[in-house]
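S.K.: How does the following fold in three dimensions:
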Amino acid sequence: MSLGQEFTKWKQAYTNIEHSDLGSADKALQEQISQALEGFRDLEQAVATAGVFSKNEELDDVHTTDLKFLLIPYYIGDLLSKVVDTNHLGHLKESKLYLDEFLNKLQALEIIKQQEFDRLTETKAIDRQARIDRHRKEREVSSRLADLAQQMKKLTKNTKAEELEDNSEYVELEREYQLLSIEQALRKAVDKL
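M.R.: Have a look, this model is predicted:
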C-alpha cells in the first residue's frame, strides 16, 4: 500500500472516531483510537524514512500530493488527547508535543506567519468576539472544503486516475484542499493548546 493510501486509510479511521456516537471511555472507541494512533505513528515513520520533506524546503517545493502528510502530527496529537486510561496526563503532555511539532512545521514552511500565529494564540480565550470570529472562519473553511471535495470528485469521474496528476485543474483543487485542511487543523490545534 502506498503512503498516500495509508494516509487515506488512517484519515478515514480518524474521521470515524470524530463522528462516533460512542462515549469517550467506551472500550470499542478506545480500541479504534489505539489502532489509529499506531497507524499514524507507523505512517509518520514511513514518511520520515522516505524523506518526503527536507529541512530547508519551502511550501512551494512541497509536492501537492505530499501536503497531506503535514497533518500527521496533528492527527497523532489529537488522538493522544482522546486516550482514556491511567496515564491520561502523560498522553496529554505527549499530545501537546505533537501539536507543537505540527505548528512548528507550519511556521517553518511559512504556511502560517509568526504574526498570525501570535494573533491566534493571543486571542484564543481573550474575548467572545474572537471566539465567534474563529467559529465563523471554521464554518467557512469547512464549507469550502466540501465544495472542493465535490469539484475534485466530479473531475475524477471524467478523468482516468493516472491522468489526474497531469490535470492542472485537479492539481490546483487538490492543493487548495490540502492547504485548507492544514489551516483547519491549525485552528483546532491552537484551540487544544
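S.K.: Run through the helices of the chain in chain order.
M.R.: 3-18, 27-50, 72-82, 88-108, 114-122, 128-158, 161-164, 168-192 (DSSP state H).
S.K.: by contact count, what packs against the second one?
M.R.: Translated: helix 27-50. Judged by 3 or more Cβ pairs under 8 Å, 6 or more residues apart in numbering; DSSP states H and E, the packing partners of helix 27-50 are helix 3-18, helix 72-82. Using the backbone N, CA and C atoms, a C-beta is placed for each residue, glycine as well.
S.K.: Out of these, the one nearest S24 is which?
M.R.: helix 72-82 (6.6 Å; Cβ to Cβ).
S.K.: From the contact counts, what lies against that closest one?
M.R.: Using 3+ Cβ pairs under 8 Å, 6+ apart, helix 72-82 sits against helix 3-18, helix 27-50, helix 88-108, helix 168-192.
S.K.: L173 against T156, yeah?
M.R.: No - using Cβ atoms under 8 Å as the test, L173 is too far from T156 to be in contact (10.3 Å).
S.K.: Counting neighbours, go ahead and name the busier of the two.
M.R.: L173 (20 against 13; other Cβ atoms under 10 Å).
S.K.: State the distance from that one to T64.
M.R.: In this view, L173 and T64 are 10 Å apart by Cβ to Cβ, to the nearest Å.
S.K.: tell me the contacts of the spatially most central residue of the chain?
M.R.: The chain has L71 as the residue nearest its centroid, 3.4 Å off, counting by Cα atoms, centre = their mean. Contact analysis of L71 by Cβ atoms under 8 Å, 6 or more residues apart in numbering lists 11, 102, 181-182, 185.
S.K.: tell me the pLDDT at K96?
M.R.: Listed pLDDT for K96 reads 91.
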